[in-house]
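*Asks:* Need coordinates for the following:
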Amino acid sequence: MRRTALAALCLTAATTLALTGCQSDQSGRSGKDKADGKARSSSPSSSPSKAKEPFAGLTGGEIADRAVEATTGASSLRMKGNISDDGSGGTIEIDMALNKQGECAGTMSVGGQGKADLIKVGDTVYMKYDEAFLRAQSKGEKKSDVDAAVALLAGKWTKMSAKGEDAKEITGFCDLDTVLGDADDVDSDASRSKTTTVDGTPAIVLHEREGKERYTLYVATEGKPYLLRVDSASASDPGTLTFGEYDEPVPAQKPGGEILDLDALGA
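*Replies:* Okay, the predicted model is just below:
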């Protein structure tokens, strides 16, 4: 079955994020914001010269395919937004920086209930959960077990081997090639729309569909045609993801202070 460029990026990211995700205080940016006053216009009609039209002569599908190529070719990026969680029926909010070396750093929140921080450096995964997150993810468990887990883990950094069975889902998400692995080699039928900005970066809006699903794609019109944002109007997987900080270093460093070794505890 043919998968369009936008659907591939959106669905691949959403499928992986459903396993785990991250969020931080930094907003997603393309890292290529070199716009001058003329290029910042949100309407293509504001410039009388057709030569200044972004991606002149290209169809929406060709622009979308270029966005996929540029995005999957980046060495690192940051993803921020929300996606539906099939397991809980709620929403996962994430903001994660990750690269093709398998490093990542950020946090996540499921249904707005608490927060978990995640860092992967080398072969080690570090995580820290607050009490609200632990209790929300332990619904249905015995109260005494949940209380014990909260007393042991809440607010403390933990670590485990990235090669362990419990870390497989996390390590897969931290690798950029894995997250965007199904997004290349696509044939898009996206249609062109207006120009706008995403976090100050000039962009063109594309609309794409796959069956009953509807997606809106925002592609940078300056520098490389990176994907800046995806809006999904899908009934099954609604949500928005923004992409930015392309090819920038991922702030993944071992946390300071005491770290609880889950592997040593047999957790």
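*Asks:* Do a quick rundown of the strands in the stretch 51-200 of the chain.
*Replies:* With DSSP state E, counting those that start in this stretch, the ranges of strands along the stretch 51-200 of the chain come out as 76-84, 91-99, 104-110, 113-121, 124-129, 157-161, 191-198.
*Asks:* on contacts alone, who are the packing partners of the fourth one?
*Replies:* It refers to strand 113-121. strand 104-110, strand 124-129, helix 131-136, helix 168-174 (3 or more C-beta pairs under 8 Å, 6 or more residues apart in numbering; DSSP states H and E). In this view, the C-beta of every residue, glycine as well, is placed from N, C-alpha and C.
*Asks:* which of these is buried the deepest?
*Replies:* strand 104-110 (a mean of 24; mean count of other C-beta atoms under 10 Å).
*Asks:* Run the angle between that one and strand 76-84 for me.
*Replies:* 10 degrees (axes from the mean of the first three to the mean of the last three C-alpha atoms, to 10 degrees).
*Asks:* So the most centrally placed residue in the chain versus C174, what's the distance?
*Replies:* The residue lying closest to the centre of the chain (C-alpha atoms, centre = their mean) is M79, at 2.9 Å. Remark: distance between M79 and C174 (C-beta to C-beta, to the nearest Å) = 12 Å.
*Asks:* ditto for E141
*Replies:* For E141 relative to C174 (C-beta to C-beta), the value is 27 Å.
*Asks:* and C104, what does it touch?
*Replies:* Going by C-beta atoms under 8 Å, 6 or more residues apart in numbering, C104 touches C22, M96, A97, L98, L118, I119, K120, F173, C174, V250, A252.
*Asks:* ditto for D231
*Replies:* Counting by C-beta under 8 Å, 6+ apart, D231 makes contact with Y215, T216, G239, T240.
*Asks:* In strands, which of these fall?
*Replies:* Among those, the ones falling in strands (DSSP state E) are Y215, T216, G239, T240.
*Asks:* Next, the contact list for the last one, please.
*Replies:* So the one you mean is T240. G81, N82, R229, V230, D231, S232.
*Asks:* Show me the two of those that sit farthest apart.
*Replies:* Farthest pair in the contacts of T240 (C-beta to C-beta) is N82 and R229. Separation: 12.4 Å.
*Asks:* D175 and N99, how far apart?
*Replies:* 8 Å.
*Asks:* Ok, E141 next?
*Replies:* Counting by C-beta to C-beta, the gap from E141 to N99 is 35 Å.
*Asks:* Which one of those two is surrounded by more residues?
*Replies:* N99 (21 against 12; other C-beta atoms under 10 Å).
*Asks:* Mind listing the residues bridging to the more buried one?
*Replies:* With DSSP bridges as the criterion, N99 is bridged to S76, D175.
*Asks:* Ok, A203 next?
*Replies:* A203 has these beta-bridge partners by DSSP bridges: T196, A220.
*Asks:* So for it, what's the pLDDT?
*Replies:* Predicted confidence (pLDDT) for A203: 97.
*Asks:* that older thread, can I get the contacts of C104 in TSV with distance to E165 and pLDDT?
*Replies:* TSV is the format used below for the contacts of C104 (distance: C-beta to C-beta, whole Å; pLDDT from 0 to 100):
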residue	distance to E165	pLDDT
C22	21	29
M96	22	92
A97	25	95
L98	21	93
L118	17	93
I119	20	95
K120	16	94
F173	15	74
C174	16	85
V250	25	96
A252	22	94
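*Asks:* could you dump those to TSV with distance to D130?
*Replies:* TSV is the format used below for the contacts of C104 (distance: C-beta to C-beta, whole Å):
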residue	distance to D130
C22	14
M96	18
A97	20
L98	22
L118	13
I119	16
K120	19
F173	20
C174	21
V250	23
A252	20
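*Asks:* Give me the buried subset of these.
*Replies:* The neighbour count (16 or more other C-beta atoms under 10 Å) marks C22, M96, A97, L98, L118, I119, K120, F173, C174, V250, A252 as buried among those.
*Asks:* Among these, pick out the one closest to A162, please.
*Replies:* Relative to A162, the closest of the buried ones among the contacts of C104 is K120; by C-beta to C-beta it sits at 6.2 Å.
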